[in-house]
Every structure is written in structure tokens, then in C-alpha cells.
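J.: Can you look at this prediction? I've put the sequence above it.
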Amino acid sequence: MTRGEDALVSAGWHNGRDVRNEALSAILRTVALIEPVADGATWVLFPAAERALREFHGLRVEAAGPGHDVAATGCVIDPTEARHALRPFALLGESTGSRLFPFGRTDVDALLAVDEEGRLFSIDHGGRWQLGDTVREGLARLTEGRTPHRIAAQRWAWTAPSTADGQPLVNAVRTSLVALYVLHHHHVFSARDLRLTVTALRGIGAEALEHTVPLPGGSLEESAAPLAASMEALIKAEGVTTRGAELKVTVSAPQDTAAPLSSVSCAVRTGHSAESPGMTELSLSAGAGASVGRARTAVLACSEDLARYARHPAP
């Protein structure tokens, strides 16, 4: 048993603990006493939150020593202690795609909540954090002073290989198709189009062109040439000059993609660097919600594949 689990036992926790009546009473007070918000939103109880509160409600857990990685802290398990944080926890739930319910407060006034997957989260002045994949793990790590996982947006960028000398748009399209395949392969989403943006780099950098181009049928390898031709035709039809401009091709989630994967995108741009206008940059971006759970695993796998492609492009 770890020091954190010892702290839980010392606080009165044990396997099979169920304080049903006390927990349900606290849940009712939490829902009934919520301060009104503009859109009328309120706390909604779900099974994972009820189970966690029936198991842990009423515990006053002490810190288990000075802290392994960061300062250890204790907490009190009572949803009414965090009931006023509906808005910040609702926003966190929107980004992760999983609702949260208040769970308690730490000794340093961080607010605790559990989500529909049974994970423990906290919000404090320093940001938003995942404490553990389970409530028990999260409480133990909190009292031991283990480093929590920060929930934050992420971005990776690489210099992409040039595969068509003197044809920057073709390079961008080919690289974007690699990104599209990687996102599909790791079950992030299957894009149905590419978005072309041309931005003038002089003056205030206004967008001269932004247009979505649907993917043609056939293999991705066969799609590169017709996609590039379609984009060239759009640029010509709009009378846009690409000299001294940034060309960007973006792979975005389809409209029906749910959070947190809806926040993921890849972009390929060229012409943005005055020193090396022919350089192609490949980037992967993910919103804060995609930094936890299965979404995080998938996004990290994508970043590894894209980094490998940038180092060793396919012939």
C-alpha cells in the first residue's frame, strides 16, 4: 500500500465503503444551492460521480509527507465545497467531452471534480489538472505530492520534406495528405476536405483567399495532383498573387466530430519565412481537452508519426 493509500485509510476509507445517505444529501444540497448562471445551467449527477461520492464523501484526508514531486496537500471530500465552480468545470467538460460533478476542495483551495469516466480533476489559480485516471489514484497522488498532468493546448511543428522542386503548393498538398492519413490511421478523425488559405505578408497580413477544397475519389497518392490543380485554379480565378504570401493547407475535423478530437488539426504552410520562402512547415495542434485520456494517446501517436515522416520522408 502506498503512502497516499495509507492516508486514505487513516481518514476512514476502506474497500466497500458506502455512505449512501450522507453522500446523496450532499449531492442534493450541491444541486439545490447552485448560484444562478446566465444560461440556466446546473449540475447534473451521473453514475461515476455518485459512486465516487458514496465511497469517499465526508473524508478529511491529510497530506502524506512533504511531497514527492510537488508540495503534498490534503483535501476534504464534499461536493458543496466546489458547487460554485459550475462555469469553469462546465468549460473543462466541454473541452474534454465528458461532464464533471463537484467533489471537494484541497487544503490550498484547489477545487476538485470527477468526470463521467471516473477521473479526478482539479482547477486552481495555476490552471486545470488531471490528478488521476481514478478517484482513488488521484487522491493518493494528491496527498503524496505527485506531479499532476496539466490540461493545456499543445502544438508541435516540423520542417517538412520538399518532394516537388519549385512547386511549393504541391509540396504543401502532399504533406497535408500524409497528415490526413496519420489522423485517420490513429482514429482521430477522417477529414473530407482541405482548406487553402493565402495570406499576404505585407501591410496587416490580410487573408487574400480562404477556400475549402473537397477530397476527390481514389487513393490519397492519386489525389495530390488534382487537389493542387484545383487550388491553383482557385488562386488564378480570384486573381490572387502568391508572391510574398503565405500558402497554408489545413486538415481540420469534420463538423460532426465530437470534443475533444474536434480541436485537433494539422496545417502545412510555406512562404511564411522571408529567409527561406520555400521551406514547408508541418504542424499538429490540439486543444486542451485532447491532452488527457484516449485523445491524448491518439494525438501523441500522431505527433510521433509526423515527426518520423519529417525525418525520413517516404520515397
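T.: Yep, it's here.

J.: Could you use CA atoms for every contact and neighbour count after this?
T.: OK.

J.: Phi first, then psi, for Gly218.
T.: Dihedral pair for Gly218: phi 100, psi -180, per degrees, to the nearest 10.

J.: Can you report how many residues neighbour it?
T.: Gly218: 8 surrounding residues under other C-alpha atoms under 10 Å.

J.: ok now the worst-scoring helix or strand of the chain on mean pLDDT, how far from the chain's centre?
T.: Within the chain, no helix or strand scores below strand 207-214, which has a mean of 86 by mean pLDDT, DSSP states H and E. In terms of C-alpha atoms, centre = their mean, to the nearest Å, the centre of strand 207-214 is set 26 Å apart from its chain centre.

J.: all helices of this structure, in order?
T.: For the chain, helices defined by DSSP state H occupy the ranges 3-10, 20-32, 47-56, 86-96, 135-144, 168-185, 220-237, 293-311.

J.: Flag the shaky bits of the stretch 151-300 of the chain, pLDDT-wise.
T.: 163-166, 201-207, 273-278 (pLDDT under 70).

J.: rewinding a little: give me the contact list for the least confident helix or strand of the chain.
T.: Contacting residues not belonging to strand 207-214 are listed as 192-200, 227, 230-231, 235, 238, 240 [C-alpha atoms under 8 Å, 6 or more residues apart in numbering].

J.: Val76 - how many residues pack around it?
T.: Residues contacting Val76 under the criterion other C-alpha under 10 Å number 20.

J.: Show the pLDDT at it.
T.: At Val76 the predicted local confidence, pLDDT, stands at 98.

J.: That one: what's it in contact with?
T.: 58-61, 104-107.

J.: Please repeat the previous calculation with a cut-off of 10 Å.
T.: Contact analysis of Val76 by C-alpha atoms under 10 Å, 6 or more residues apart in numbering lists 11, 56-62, 103-107, 112.

J.: Not counting sequence-adjacent ones, nearest residue to it?
T.: Nearest residue to Val76 in three dimensions, chain neighbours excluded: Arg60, at 4.6 Å (C-alpha to C-alpha, 6 or more residues apart in numbering).

J.: And the one you found, how far from Pro47?
T.: For Arg60, the distance to Pro47 (C-alpha to C-alpha, to the nearest Å) stands at 23 Å.

J.: These two - which one has more neighbours?
T.: Neighbour tally, Arg60 and Pro47, criterion other C-alpha under 10 Å: the higher count belongs to Arg60, 19 against 12.

J.: Do I have it right that that one meets Ser10?
T.: Yes - applying C-alpha atoms under 10 Å, one finds Arg60 in contact with Ser10, separated by 9.3 Å.

J.: Buried ones in the least confident helix or strand of the chain, by neighbour count?
T.: Neighbour counts using 16 or more other C-alpha atoms under 10 Å place 208-209, 213 of strand 207-214 among the buried residues.

J.: again with stretch 71-89
T.: Buried residues in stretch 71-89, counted by 16+ other C-alpha under 10 Å: 72-86, 89.

J.: just how off-centre is it within its chain?
T.: 22 Å.

J.: for stretch 234-253, same thing?
T.: 28 Å.

J.: got it, and stretch 149-157?
T.: 7 Å.

J.: For Glu55, the count of nearby residues, please.
T.: Neighbour count of Glu55, defined by other C-alpha under 10 Å: 21.

J.: just Arg51 next, same as before
T.: Counted by other C-alpha under 10 Å, the residues lying close to Arg51 total 15.

J.: would you list every one of the strands in the stretch 51-200 of the chain?
T.: Using DSSP state E, counting those that start in this stretch, the strands found in the stretch 51-200 of the chain span residues 60-61, 75-77, 100-106, 111-115, 120-124, 127-132, 149-150, 154-160, 193-200.
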